[in-house]
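Undergrad: generate coordinates for the sequence data below:
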Amino acid sequence: MFDEKKLWKNRAGGRMKDLGRYLRYIFNGHLVIVLLFLIGTAAFYYQKWIETLSTDFPAELILAVIIGFFATYSPVYNFLLEADRVFLLPLEEKLKGYFLRSGIASFVFQGYILLMVLAVLMPIYAHVSNNGFSSFIPFLAVLLIVKCWNLAITWKINYYVELSVHRWDIVVRFFLNAAFSYLLFKQANVIILFIIALIMCLYYYSFSARTKKMGLKWDQLIDQEEKRMASFYRLANMFTDVPKLKDTVKRRKWLDLLISRVSFSQDKTYLYLFSRTFLRSSDYLGLFLRLTVIGALGIYFISFGLGQILLSVLFLYLTGFQLLPLWNHHQNKLWVDIYPVASKYKTASFHFLLMIILTIQSIVFALFILVKGEMFISLLTLFAGLAFSYIFVYFYGKNRLKA
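TA: Coordinates of the predicted model:
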């Protein structure tokens, strides 16, 4: 006999086990130390920045926009698999409890994220409004109810296949969430908040009434779940091999100019392959661009000279460490093994490319400091970055690839 409770328990338990296995690789000892340093540095400068804020700073508006974004993004984790398109489709009427548990699990996880976001933003509100943190618990309680409403709406929207419905729903819910949050932080009249809440309830009721006779869009639900897990697997693949990950590439013809500089010689075979892989894969190029932008902005806003140098080195480490899996990107492709190329050229090509990438990032960091007029610190940052890159590539990275 079909037991939806047992099914949900097995699916959720298996997913948590899968996530836990890869999270152990992601949050290894080195990365934890770096993250703790980054969080501590960010918290220090964040506190210093808050102390400079005046009472006319639009804290409520900024908090409302950020909270509105986190409240609006409310996917329901359904733990469905590809085979469910066939085997669970006939049992849709018996899966109400299954999807309810999925909604509760989604609320717990996303509610915790909302708690962390509010905790980070609350010092801004407390400083500007002079109300302290006494409103934190009431704000959190109300916002959790708003998050629950967003999850319920998201589930009802999944009954529609039209992209226009999904897009307009996101826009409408964002403005409702942001407006309600703004009035909440402004401590507006309860009647006004009640009117907004009534509009939100009517919004849910309208979709609830229209979807009563609709069936679940199983293809859509499964595709959404696969995309979410693919994003996680791409992150985990930067630290360890993930067999479940499907490779995704983009042509990016406009970057061919960089590849054209690689000569067509035997010793440059792997340099061409690794360069193509880096530029076409969203995992590696996207990672490099994100870390470079975040690192550059962090360095630009830090006024402490030594702190800028240390932060640049930390981001170079994060970039280099997470680009090491590029070495094994083609290990399961048999055609690479029949290249008539000596293995020493593969090693030399990978080290050369990684050194070029980290050198470019070092130059970008130094230029952002130079823009502020700190020429000496800029030169020190460039020198430290190049020295660290060389040590990382030809000593740490070399030993890491042999392990």
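Undergrad: so which residues make contact with stretch 183-199?
TA: 59, 60, 63, 64, 125, 135, 139, 142, 143, 176, 179, 180 (C-beta atoms under 8 Å, 6 or more residues apart in numbering). To be clear about C-beta, it is placed using only N, CA and C from the backbone, and glycine gets the same treatment.
Undergrad: could I get the average pLDDT for stretch 386-403?
TA: Mean pLDDT, stretch 386-403: 82.
Undergrad: an error on my part: the question was meant for stretch 35-44.
TA: Stretch 35-44 comes out at a mean pLDDT of 77.
Undergrad: how about that stretch: buried residues?
TA: Counting neighbours by 16 or more other C-beta atoms under 10 Å, one finds that the buried residues in stretch 35-44 are 38, 41.
Undergrad: low-confidence regions, this protein specifically.
TA: 1, 28-31, 34, 237-268, 282-283, 303-305, 329-338, 340-342, 401-403 (pLDDT under 70).
Undergrad: show me what the lengthiest helix in it packs onto, helices and strands only.
TA: Taking DSSP state H as the criterion, the chain has its longest helix at helix 96-129. In this structure, helix 96-129 packs against helix 4-26, helix 29-51, helix 59-72, helix 136-157, with contacts taken as 3 or more C-beta pairs under 8 Å, 6 or more residues apart in numbering; DSSP states H and E.
Undergrad: CA-only coordinates of the third one, as PDB, when you get a sec.
TA: Once side chains and other backbone atoms are set aside, the C-alpha atoms of helix 59-72 remain, and they are given as PDB (Å, rounded to 0.1, in the frame of the first residue of the first chain):
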ATOM      1  CA  ALA A  59      17.100  52.600   6.700                       C
ATOM      2  CA  GLU A  60      13.400  51.600   6.400                       C
ATOM      3  CA  LEU A  61      13.400  51.800   2.600                       C
ATOM      4  CA  ILE A  62      16.700  49.800   2.200                       C
ATOM      5  CA  LEU A  63      15.600  47.200   4.700                       C
ATOM      6  CA  ALA A  64      12.200  46.900   3.000                       C
ATOM      7  CA  VAL A  65      13.800  46.300  -0.500                       C
ATOM      8  CA  ILE A  66      16.200  43.700   0.900                       C
ATOM      9  CA  ILE A  67      13.600  41.900   3.000                       C
ATOM     10  CA  GLY A  68      11.200  42.100   0.100                       C
ATOM     11  CA  PHE A  69      13.600  40.200  -2.100                       C
ATOM     12  CA  PHE A  70      14.200  37.400   0.400                       C
ATOM     13  CA  ALA A  71      10.500  37.200   1.100                       C
ATOM     14  CA  THR A  72       9.600  37.000  -2.500                       C
END
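Undergrad: quick one: name whatever helix or strand follows it.
TA: helix 84-87 (DSSP states H and E).
Undergrad: give the buried residues for that next one.
TA: Those would be residue 84, for helix 84-87 by 16+ other C-beta under 10 Å.
Undergrad: can you tell me what sits against it?
TA: 218, 219, 222.
Undergrad: follow-up on the earlier one: got the buried residues for the longest helix of the chain?
TA: 98-99, 101-103, 105-107, 110-111, 114, 117-118, 121-129.
Undergrad: and if you look at stretch 17-25?
TA: Under 16+ other C-beta under 10 Å, the buried positions of stretch 17-25 are residue 22.
Undergrad: go on, stretch 345-363?
TA: Taking 16+ other C-beta under 10 Å as the criterion, stretch 345-363 shows 345-346, 349-359, 361-362 as buried.
Undergrad: measure residue 18 to residue 26 for me?
TA: 13 Å (C-beta to C-beta, to the nearest Å).
Undergrad: from the contacts of stretch 183-199, which is closest to residue 72?
TA: Closest to residue 72 out of the contacts of stretch 183-199 is residue 176 (8.8 Å), distances taken as C-beta to C-beta.
Undergrad: name the SS class of that closest one, please.
TA: helix (DSSP: H, G, I helix; E, B strand; the rest coil).
Undergrad: pretty sure it is touching residue 202, no?
TA: No - Residue 176 is beyond contact range of residue 202, at 10.9 Å (criterion: C-beta atoms under 8 Å).
Undergrad: more neighbours: those two, which one.
TA: Taking neighbours as other C-beta atoms under 10 Å, residue 176 and residue 202 compare with residue 176 leading, 22 against 9.
Undergrad: which residue sits closest to that one, ignoring its sequence neighbours?
TA: Counting by C-beta to C-beta, 6 or more residues apart in numbering, residue 176 lies nearest to residue 200, which is 5.7 Å off, once chain neighbours are set aside.
Undergrad: and the one you found, how far from residue 182?
TA: Counting by C-beta to C-beta, the gap from residue 200 to residue 182 is 14 Å.
Undergrad: residue 154 too?
TA: 22 Å.
Undergrad: and the residue nearest to residue 176, how many neighbours?
TA: 21.
Undergrad: for it, helix, strand, or coil?
TA: Per three-state DSSP, residue 200 ends up helix.
Undergrad: one more: residue 187?
TA: Assignment for residue 187 (three-state DSSP): coil.
Undergrad: count of neighbours near it?
TA: 14.
Undergrad: cool, and the one 10 residues further on?
TA: Using other C-beta under 10 Å, residue 197 is surrounded by 17 other residues.
Undergrad: which strand or helix spans it?
TA: Going by DSSP H and E, residue 197 is part of helix 190-210.
Undergrad: by contact count, what packs against the following helix or strand past that helix?
TA: Using DSSP H and E, the helix or strand that follows helix 190-210 in sequence is helix 218-236. Helices and strands touching helix 218-236, by 3+ C-beta pairs under 8 Å, 6+ apart, are helix 4-26, helix 84-87.
Undergrad: pipe those into CSV and attach distance to residue 163 per row.
TA: Shown next, in CSV, are the helices and strands packed on helix 218-236 (distance: least, C-beta to C-beta, whole Å):
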stretch, distance to residue 163
helix 4-26, 27
helix 84-87, 20
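Undergrad: I appreciate the help and will end here.
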